[in-house]
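> Take this sequence and fold it.
(one chain, ligands or ions: 1)
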Amino acid sequence: MSRTGLRLSGVACVRGGRLLFRGIDLAMEAGGSALVKGPNGIGKSSLIRICAGLLRASVGTVERHGKVTLTDERLALDMEQPLRAALDFWARLDGAGPQAVDAAMAAMALASLAQVPVRMLSTGQRKRAALARVIASGAPIWLLDEPGNGLDDVALSLLGDAVAGHLAKGGIVVAASHQPLPLVTPVVMAMQDYLPTEEAA
Ligand SMILES: Nc1ncnc2c1ncn2[C@@H]1O[C@H](COP(=O)(O)OP(=O)(O)OP(=O)(O)O)[C@@H](O)[C@H]1O
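Sure thing, here's the model as predicted:
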């Protein structure tokens, strides 16, 4: 992960003809984490998608060094497959081996659910499964959109441990959340600070 990096310079985002935010600078290197905060609809998910390369910045530049993995409200796991098989599918695409899936399932306390079809998992179990997919991917840059949604306190603590472990190995984490998350000393970006001038408080 020696060259891992994520750098946003002067990023602005227009959606539906409306300027959501502007002037975002973010320079993350190995071991760096950022928490993007703000109320519903302010543009957190849009920023995460810009970081992922799924949405173009209207102004500014985005540089990524290292593979990116993203989790958001979409589960991205085959509902008909048992959990283990669904995670193995993604791990193969990501070039990760079965040991990475073992470790990710253990990290999210999912081992006992390995043979349960994804469609039968509870809301929190699905969220843990989505996070296990991220962990198993081996990608150095984790983009987590509302990773705490649906998680109980124990699962939130597992998320915090997984993020801390990833950062300790030289990964990068950018998480967007409307709720506090147990992330290790993140850079905190309040989206209210990047509103267009006429909307700023
Ligand atoms: N495809 C789209 N076309 C036009 N406008 C969009 C599109 N997607 C999102 N928006 C608008 O962009 C704004 C920001 O949406 P975004 O999902 O980034 O906010 P958010 O801060 O993540 O919200 P939440 O906390 O509710 O998830 C919203 O006003 C939303 O309606």
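> Name the residues of the helix or strand harbouring Leu131 that are buried.
Following DSSP states H and E, the helix or strand that holds Leu131 is helix 123-137. Within helix 123-137, the residues that count as buried by 16 or more other Cβ atoms under 10 Å are 125-137. Using the backbone N, CA and C atoms, a C-beta is placed for each residue, glycine as well.
> Repeat that for stretch 79-94.
So stretch 79-94, judged by 16+ other Cβ under 10 Å, has buried residues 82-88, 90-91, 94.
> The ligand: which of those residues is nearest?
Nearest to the ligand among these is Trp90, at 23.4 Å by Cβ to the nearest ligand atom.
> A helix includes Thr61, no?
No - under DSSP: H, G, I helix; E, B strand; the rest coil, Thr61 falls outside any helix and is assigned strand.
> start the count at 38, not 1, going forward
With the count now opening at 38, the last piece we talked about shows up as Thr98.
> The nearest residue to it once chain neighbours are set aside sits in which helix or strand?
Once flanking residues are discounted, Thr98 sits nearest to Ser46: 5.0 Å by Cβ to Cβ, 6 or more residues apart in numbering. In the assignment (DSSP H and E), Ser46 maps to strand 42-52.
> what packs against that strand?
Judged by 3 or more Cβ pairs under 8 Å, 6 or more residues apart in numbering; DSSP states H and E, strand 42-52 is in contact with strand 55-66, helix 81-89, strand 96-102, strand 209-214.
> What strand or helix carries the nearest residue to Arg170 once chain neighbours are set aside?
Nearest residue to Arg170, sequence neighbours excluded (Cβ to Cβ, 6+ apart): Trp127, at 5.1 Å. Using DSSP H and E, the secondary-structure element containing Trp127 is helix 120-130.
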